[in-house]
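Q: build me a model from this:
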Amino acid sequence: MAVLLETTLGDIVIDLYPKERPRCCLNFLKLCKLKYYNFCLFHSVQRNFIAQTGDPSGSGNGGESVFRQLYGDQARYFEMESTPRIKHKKLGAVSMVNNGANMHGSQFFITLSGNVDSLDGMHTVFGEVSEGFDIITKLSESFTDKENRPYQDIRYG
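A: Next up, the predicted model:
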């Protein structure tokens with residue numbers, strides 16, 4: 001199963017892992033279908049590391065799972081899926097952001113290099129980029145301020 005992200009830099013195709021990460025993929029797909037991610041900003045880009053997005057507020061502090069709409073405030077976040085263990089070993093791994101309590105909302109990131117071992121076990125890989133590696137390179141080369149916010153407005157949706 002694949003998803004097309006149409007960004008202001010170009011298109012990225014993400015192959016999802018629905019068998020290995022059913023809850024993350026369901027959350028991501030439902031949020032896509034609800035147009036939750038439309039016009040989301042890549043609010044943090046760290047060269048040769050990650051490009052983070054998925055927060056409609058653009059601050060990096062917002063976002064919630066689709067399960068909140070179904071089950072209320074107690075389901076704003078959902079538990080991290082950690083088995084089977086999938087590592088951040090590939091350029092273009094797509095992973096849900098851990099909010100610090102092993103819970104996920106809507107934010108996710110794309111790795112901008114391979115073998116980013118420091119992320120393993122902390123964030124849940126639920127897919128990988130299959131097309132658009134030139135766009136990943138452009139993302140990685142973005143000029144950012146000291147807080148890793150790109151000067152260029154990079155969005156998708």
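
Q: drop to CA atoms for contacts and neighbour counts, all remaining ones
A: Fine.

Q: which elements pack onto the strand ranked longest in the chain?
A: Scanning the chain for the longest strand, with DSSP state E as the assignment, gives strand 124-131. Judged by 3 or more CA pairs under 8 Å, 6 or more residues apart in numbering; DSSP states H and E, strand 124-131 is in contact with strand 11-16, strand 93-96.

Q: what's the most buried one of those strands?
A: When the helices and strands packed on strand 124-131 are scored by mean count of other CA atoms under 10 Å, the highest mean neighbour count falls to strand 93-96 (a mean of 26).

Q: now do that strand: which elements does it pack against?
A: strand 108-111, strand 124-131.

Q: buried deepest among the ones you listed, which one?
A: Of all the helices and strands packed on strand 93-96, as judged by average neighbours under mean count of other CA under 10 Å, the leader is strand 108-111 with a mean of 24.

Q: for the lowest-mean-pLDDT helix or strand in the chain, give me every contacting residue.
A: Between all helices and strands in the chain, the lowest mean by mean pLDDT, DSSP states H and E belongs to helix 67-71, at a mean of 87. Here helix 67-71 makes contact (CA atoms under 8 Å, 6 or more residues apart in numbering) with 27, 74-78.

Q: of the residues you listed, closest to Ala2?
A: Nearest to Ala2, judged by CA to CA, of the contacts of helix 67-71 is Asn27 at 14.2 Å.
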